[in-house]
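In: build the 3D model from these lines:
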Amino acid sequence: MTIGLCRLDLYLPECGSLKHKRGILKSLVTRIRNKFNVSVSELEENERWQKALLGVVVVANDSRYANQVLSKVVDMIEGEGQLILMDYTLELL
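Out: Next up, the predicted model:
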């Protein structure tokens, strides 16, 4: 069994309030969960309007599969128009 963890440091330049940030993140989290069958949560930067740190976790039988799923999540986020992916880390446990 392999656990894959991805931390995503996001910048949301158009957000002017926490309400706007939450709306963008809620939509993003729902789409990621539905498309990739992974767990997603906002980890830090909860009170900052333009920053977010998301954690994405997948459990798989094969480490290559876990890495592939997390890489596809990163690719999806890089294609988002409302946010910028500042940095990310991938870990396989």
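In: OK, contacts around the residue at minimal distance from the centre of the chain?
Out: The chain has Leu54 as the residue nearest its centroid, 4.6 Å off, counting by CA atoms, centre = their mean. When contacts are counted by CB atoms under 8 Å, 6 or more residues apart in numbering, Leu54 is found next to Arg7, Leu8, Leu10, Leu25, Leu28, Val29, Val40, Ser41, Glu42, Leu43. Every residue, glycine included, has its C-beta placed from N, CA and C.
In: of those, which belong to helices?
Out: Within these, residues falling in helices by DSSP state H are Leu25, Leu28, Val29.
In: does Val57 count as helix, strand or coil?
Out: strand (DSSP: H, G, I helix; E, B strand; the rest coil).
In: gap between it and Ala66?
Out: According to CB to CB, to the nearest Å, Val57 and Ala66 sit 9 Å apart.
In: in a helix, that's where Leu85 is, yeah?
Out: No. Counting by three-state DSSP, Leu85 is not part of a helix but strand.
In: export the ones in helices among the contacts of Leu54 as CSV, with columns for neighbour count and distance to Asp75.
Out: Listed next are these as CSV, based on neighbours: other CB atoms under 10 Å; distance: CB to CB, whole Å:
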residue, neighbour count, distance to Asp75
Leu25, 19, 18
Leu28, 21, 14
Val29, 16, 17
